[in-house]
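Enquirer: I would like the atomic coordinates for the input below:
(one chain, ligands or ions: 2)
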Amino acid sequence: MSVSDGRRAVQLSINRDAQEMIDLARAEGIETVWDRLDAQQPQCGFCALGVSCRNCAMGPCRVDPFGEGPTKGVCGAGADVIVARNLGRGIAAGASAHSDHGRDILEVFASTARGETTGYRIADEGKLRRLAAELGVDGDQRPAGDVAADVADVLFDDFGSRKDGVSFAGRAPAARRARWQELGITPRGIDRENVEMLHRTHMGVDNDHVSLLLHALRTGLSDGWGGSMIATELSDVLFGTPSPVLSEVNLGVLRHDQVNVALHGHNPVLSDVIVAAAEDPELVDLARSYGASGINLVGLCCTGNELLMRRGVPMAGNHLMQELAIVTGALEAMVVDYQCIMPSVTDVAACYHTKIISTSDKARFPGATHLPFDPRRGAEIGREIIRAAVEAYPDRNPDRVHIPVAPVRWMGGFSVEAILGALGGSPEPLVSAIASGAIRGAVAVVGCNNPKLPQDYAHVELTRQLIEHDVLVVVTGCAAVANGKAGQMLPESASMAGTGLRGVCEALGIPPVLHMGSCVDNSRVLVLAGALADFLGVDIDQLPLAGAAPEWYSEKAVSIGAYVVASGVTTVLGVQPPIFGSPRVVDLLAGGLDGVVGARFAVEPDPSRAAALIRRHIEEKRRALGLPFEDPDSIAVTAPAAPVG
Ligand code: BF8
Ligand code: SF4
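Expert: Ligands and ions are numbered 1, 2, ... in the order given. Predicted coordinates:
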């Protein structure tokens, strides 16, 4: 095992919990993601530029964007086609991941409607009936189960090929829908767009990079306004629509004296029944019989966000904390569903008493205990999992337990319903605060951690500078967890904001950084943007909004970027996507797209520069809307609070 200590822990993460655990892992000879990144150096330059292709057996091929080597693959594809095809396939993988998660929720929802599940119920009947009305299902005077069954039928059709548009695309402003129609990128069916992306990228199908990229946007839209939105909306109906909730975050949420169970992954269908099982008196008594004072559930990544949003479950950490949570020696079990779960967790767990419990037949982990999820036995499986975790407690070695820090308080639960609720039921107060300039605009800071960057630095610094300059920030996914750890997500964090934003937050009792949920919940951001645009009678691209994915790593994040931009919100990426082997693709995504969908991508790894770029963009939008604006050219790059390391 190669355990590199080339870079000091303080260079790898801005958080003390991560730094201490990285040092401990090194001392114990346990390999982590940073060691493996070092071992991969130098990473392939062709792949980094997006100009390698292995789509067929005449290849693999790579083309030389500098013209010194071959400029065409064996089939004749040049850099433009290869880069666009690779990007399209990445977007299809990301959109498929989100949308298959959406389908899983839909299946449990449909089974619950038919009374076939245990441990599930319709938690938000009001939302169910609102969805029914929106989808043209008769929701009045009928039992909730019947309404839910009909809603499920309508949404199952969104996955197929029978429709001209997925149901929730109707939520986008009329001007946006007209633009999609004109461009031929209205998402028709969720599976259809993804399959068509794979078809088009087979050798010898779509050989035009512009056409490929447009379909890539359509594929992304089938995620944002399709699969992800279905996941969010039905999770709200099944598990409750989030409302503001206080909780705690970082590795300090683990308890010395309790059975600690981390729920990791993305899908709340199982984790929700586990929450109930952890309160089962028989299992709590079993934990006590082993000398523990109770059962402590904590979240990781997006399953953690789902549980925080609806249940206030504490959050152990984001993406780069999954191995380090095990290194605390305090984790009895890590229950995993799917997505973003490193294959290495079983290797790290093998060094401790920690059980990895896999729960999805789609996501198997050699070395894990597999307790597959079945909604008909939901409650029973939840108890089996908690029992397995409790039974690992006697094997814990107290001498190896190291819980590095005290937790930080944070607030989650800002669904669109909760935000509108805080505003008194209408977007009007937010719109007037933006119109007056008290709030300059709003930015969604989203996405992952990436070991190529110091963990959380870009999230926290970008957010710090935006709120300081009166830009409201909404967050999801691992970005949210970063901001939470930095203490930016409490009502009292309003003191970190500029005078205008601070005043609004204090008046409403909300943080300047609003947690909108997991990554599929970026669909909430779309709904909010659509509601603001509708309220003003404009299209989304006219609003003073932006997106940022400062530390993204996953294909899902690329899909999110695609649908956010295609919905009219310019987005800044902090990690370079593999497109720079084709100047034409770069020109289109970072420039030409503005004339097509009214938004574009930018790449800026430095958070201070990214903040300046976003603020200039927001002021441009304000100017175009006839609102008071600051001269964009006068906005300078601000020094960071404290450089990392
Ligand atoms: O879906 S932010 S690292 S955990 S991909 Fe993954 Fe990225 Fe985290 Fe959630 Ni989203
Ligand atoms: Fe090479 Fe073309 Fe096959 Fe890709 S599709 S591997 S570029 S021959």
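Enquirer: after the lengthiest helix in the chain, next one along is what?
Expert: Assignment by DSSP state H gives helix 79-113 as the longest helix of the chain. With elements assigned by DSSP states H and E, the helix or strand that comes after helix 79-113 is helix 125-134.
Enquirer: between that next one and helix 79-113, how many degrees?
Expert: Orientation check (axes from the mean of the first three to the mean of the last three C-alpha atoms, to 10 degrees): helix 125-134 against helix 79-113 gives 120 degrees.
Enquirer: follow-up on the earlier one: do the longest helix of the chain and ligand 1 meet at all?
Expert: No. Between helix 79-113 and ligand 1, judged by C-beta under 6 Å from any ligand atom, nothing touches; the nearest distance is 7.9 Å. All C-beta atoms are positioned from the backbone trio N, CA, C, and that covers glycine.
Enquirer: report the distance from that helix to the chain centre.
Expert: Mean C-alpha position of helix 79-113 versus that of the full chain (C-alpha atoms, centre = their mean, to the nearest Å) differs by 14 Å.
Enquirer: packing partners for it?
Expert: Counting contacts by 3 or more C-beta pairs under 8 Å, 6 or more residues apart in numbering; DSSP states H and E, helix 79-113 is packed against strand 52-53, helix 144-157, helix 190-200, helix 209-222, helix 228-239, helix 268-277, helix 555-566, helix 583-587.
Enquirer: and the angle from it to helix 190-200?
Expert: Using the same axes, to 10 degrees: helix 79-113 against helix 190-200 is 160 degrees.
Enquirer: and helix 79-113, what's buried?
Expert: 79-106, 108-113 (16 or more other C-beta atoms under 10 Å).
Enquirer: show the contacting residues for the closest residue to residue 229 other than its chain neighbours.
Expert: Spatial nearest neighbour of residue 229, chain neighbours left out: residue 523 (3.9 Å); criterion: C-beta to C-beta, 6 or more residues apart in numbering. Taking C-beta atoms under 8 Å, 6 or more residues apart in numbering as the criterion, residue 523 is in contact with 168, 224, 225, 228, 229, 231, 232, 233.
Enquirer: could you look up the SS state of residue 523?
Expert: Here residue 523 is recorded as helix under DSSP: H, G, I helix; E, B strand; the rest coil.
Enquirer: how much space separates residue 186 from residue 477?
Expert: 26 Å (C-beta to C-beta, to the nearest Å).
Enquirer: looking at those two, which one has more neighbours?
Expert: Taking neighbours as other C-beta atoms under 10 Å, residue 186 and residue 477 compare with residue 477 leading, 34 against 22.
Enquirer: and the more buried one, what's its pLDDT?
Expert: Residue 477 carries a pLDDT value of 98.
Enquirer: look up phi and psi at it.
Expert: phi 60, psi -150 (degrees, to the nearest 10).
Enquirer: I'd say it and residue 305 touch.
Expert: Yes. Contact criterion C-beta atoms under 8 Å: residue 477 and residue 305 qualify, at 6.8 Å.
Enquirer: so what sits against both of those two?
Expert: By C-beta under 8 Å, 6+ apart, residue 477 and residue 305 have these common neighbours: residue 518.
Enquirer: quote the end-to-end distance of stretch 316-333.
Expert: The straight-line separation of the ends of stretch 316-333 (C-alpha to C-alpha, to the nearest Å) is 13 Å.
Enquirer: ok now that stretch, how far from the chain's centre?
Expert: From the chain centre to the centre of stretch 316-333 is a distance of 19 Å (C-alpha atoms, centre = their mean).
Enquirer: please see if it touches ligand 1.
Expert: Yes. Stretch 316-333 lies within reach of ligand 1 by C-beta under 6 Å from any ligand atom, at 318, 319.
Enquirer: what pLDDT, on average, does that stretch get?
Expert: Rounded mean pLDDT across stretch 316-333 is 98.
Enquirer: same question, stretch 75-82
Expert: 98.
Enquirer: run through who's touching that stretch.
Expert: With C-beta under 8 Å, 6+ apart, stretch 75-82 has contacts from 50-53, 56, 58-59, 61, 63, 65, 71-73, 85, 203-204, 207-209, 212, 581-582, 584-585.
Enquirer: C-alpha coordinates for that stretch, PDB please?
Expert: Listed next in PDB are the C-alpha coordinates belonging to stretch 75-82 (Å, rounded to 0.1, in the frame of the first residue of the first chain):
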ATOM      1  CA  CYS A  75     -13.200   6.300 -38.100                       C
ATOM      2  CA  GLY A  76     -12.300   9.800 -39.100                       C
ATOM      3  CA  ALA A  77     -13.700  11.600 -36.000                       C
ATOM      4  CA  GLY A  78     -11.800  14.700 -35.200                       C
ATOM      5  CA  ALA A  79     -11.400  16.500 -31.800                       C
ATOM      6  CA  ASP A  80     -14.800  18.300 -32.100                       C
ATOM      7  CA  VAL A  81     -16.800  15.200 -32.500                       C
ATOM      8  CA  ILE A  82     -14.800  13.200 -29.900                       C
END
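Enquirer: still on that earlier bit, which of the contacts of residue 523 sits closest to ligand 1?
Expert: residue 228 (9.8 Å; C-beta to the nearest ligand atom).
Enquirer: how many neighbours does the closest one have?
Expert: Close neighbours of residue 228, defined as other C-beta under 10 Å, add up to 31.
Enquirer: great, nothing more from me.
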